[in-house]
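Novice: coordinates for the following, if possible.
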Amino acid sequence: MKIQVTQADDMTAAYIELNSRAIKQSVELTPDVIVDCDQFDCVVGIELLSLSRIPRPQDIENKVHVHTEDQKTLGVALSHLMRMSATSGSLTSRSQVQAAPVEGRELEAH
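Specialist: Numbering: from 1, shown residues only. Now for the predicted structure:
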């Protein structure tokens with residue numbers, strides 16, 4: 001999994017890459033949430049165009065298929081983005097985090 005956060009003058013966006021499968025199509029869940037899907041319509045990555053309203057994992061899973069092995073990772077990534085956006089000064093123009101869920105710990109950054 002890879003989380004990349006980009007900050008421009010008037011906007012902060014993030015992309016969560018859950019796996020490395022090829023992207024076949026993009027689906028707009030809301031004006032601020034775009035999901036990239038593979039040939040089987042399973043989520044590959046999620047683009048968040050605003051970090052002021054980060055969706056819950058269930059909000060995404062109710063609309064598109066997330067592989068079972070990616071569900072925990074998605075929850076960790078969204079939780080991490082919530083903490084990053086709530087912590088002042090943690091987002092920069094080059095913020096990038098690689099994270100993987102680890103049993104007994106919520107997030108391990110590499």
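Novice: just the pLDDT for residue 90.
Specialist: pLDDT recorded at residue 90 is 48.
Novice: then the one 3 residues further on?
Specialist: The predicted local distance difference test score for residue 93 is 48.
Novice: quick one: low-confidence ranges for this protein?
Specialist: Low-confidence segments of the chain (pLDDT under 70): 8-10, 85-110.
Novice: bridging residues for the most centrally placed residue in the chain?
Specialist: Closest residue to the average C-alpha location of the chain: residue 16 at 3.1 Å, with C-alpha atoms, centre = their mean. Beta-bridge pairing of residue 16 under DSSP bridges involves residue 3, residue 46.
Novice: who's in contact with it?
Specialist: By C-beta atoms under 8 Å, 6 or more residues apart in numbering, the residues touching residue 16 are 1, 2, 3, 45, 46, 48, 74, 77, 78, 81. C-beta coordinates here come from the backbone N, C-alpha and C atoms, glycine included.
Novice: cool, residue 49 as well?
Specialist: 11, 13, 31, 32, 33, 34.
Novice: quick check: PyMOL command selecting the buried ones in these.
Specialist: To isolate the buried members of the contacts of residue 49 in PyMOL, using 16 or more other C-beta atoms under 10 Å:
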select buried, resi 13+32+33+34
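Novice: tell me the one of the contacts of residue 49 nearest residue 61?
Specialist: Nearest to residue 61 out of the contacts of residue 49 is residue 33 (C-beta to C-beta; 12.5 Å).
Novice: next, format the contacts of residue 16 as TSV and append distance to residue 38 and neighbour count.
Specialist: Shown next, in TSV, are these (distance: C-beta to C-beta, whole Å; neighbours: other C-beta atoms under 10 Å):
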residue	distance to residue 38	neighbour count
1	16	20
2	16	17
3	19	22
45	10	21
46	13	23
48	19	24
74	15	22
77	18	27
78	20	21
81	22	20
